[in-house]
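# generate coordinates for the sequence data below:
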Amino acid sequence: MTRDARMSPPLACTAVTTNESGSTAEEAVKVNRSRSTWSLTDSSSGGSSCDPVRGLVMWSPSGEEVGGLERADWMPPQIALFHPLQMRIWDGAADQMRVTAAFEDDVFVTLKLEHREAPGETGEAIINREFGVVTEYRDASTKILLTNLHVDL
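Now for the predicted structure:
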């Protein structure tokens, strides 16, 4: 994992998000960390994207632009997985989680997490060492799994 995203190739995958009620959503994800761009597309609800020029843009399933923000720093949780050092898991003042343990092997680094204000609530972040991306994140209310992660040339 590197802090220098300028050296990262563009990546693509499918994000499978499961909430606490068990409902699941699948979104197509594309992230180019060197250009600070990303897109997240769900065929049923539309999508969102961000680039340094336009900022955050959201669209409907038909492709019609439905809104946006001037903030280019906001990102949905599925995109935050591509920026592990910016995730809210490092016990900072605004973070909800903190790392309690870390384990590594040749392919992954596994971070055990605990909620800062509810110590019984735990989670986990599994980082793919090759891409420097969290490929699986779990907390008390959400599980996000990135599948088919690959370089998007």
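# show me where pLDDT drops low in this protein?
Within the chain, the set of residues satisfying pLDDT under 70 comprises 1-6, 43, 46, 51-56, 58-74.
# where do the helices sit along it?
Taking DSSP state H to define them, one finds helices in the chain at 77-80.
# ok, Gly92 to Thr17 distance?
Gly92 sits 24 Å away from Thr17 when distances are taken as Cβ to Cβ, to the nearest Å. Placement of C-beta: from N, CA and C, glycine included.
# same question for His115.
Distance of His115 to Thr17, computed by Cβ to Cβ: 19 Å.
# let's check: the centremost residue of the chain is which one?
With distances taken as Cα atoms, centre = their mean, the chain has Leu81 as the residue nearest its mean C-alpha position (2.6 Å).
# quick one: end-to-end length of stretch 109-129, please.
According to Cα to Cα, to the nearest Å, stretch 109-129 extends 7 Å from its N-terminal end residue to its C-terminal end residue.
# hang on, the earlier thing: the residue nearest to the centre of the chain touches Leu146, doesn't it?
Yes. Using Cβ atoms under 8 Å, Leu81 is in contact with Leu146, at 6.3 Å.
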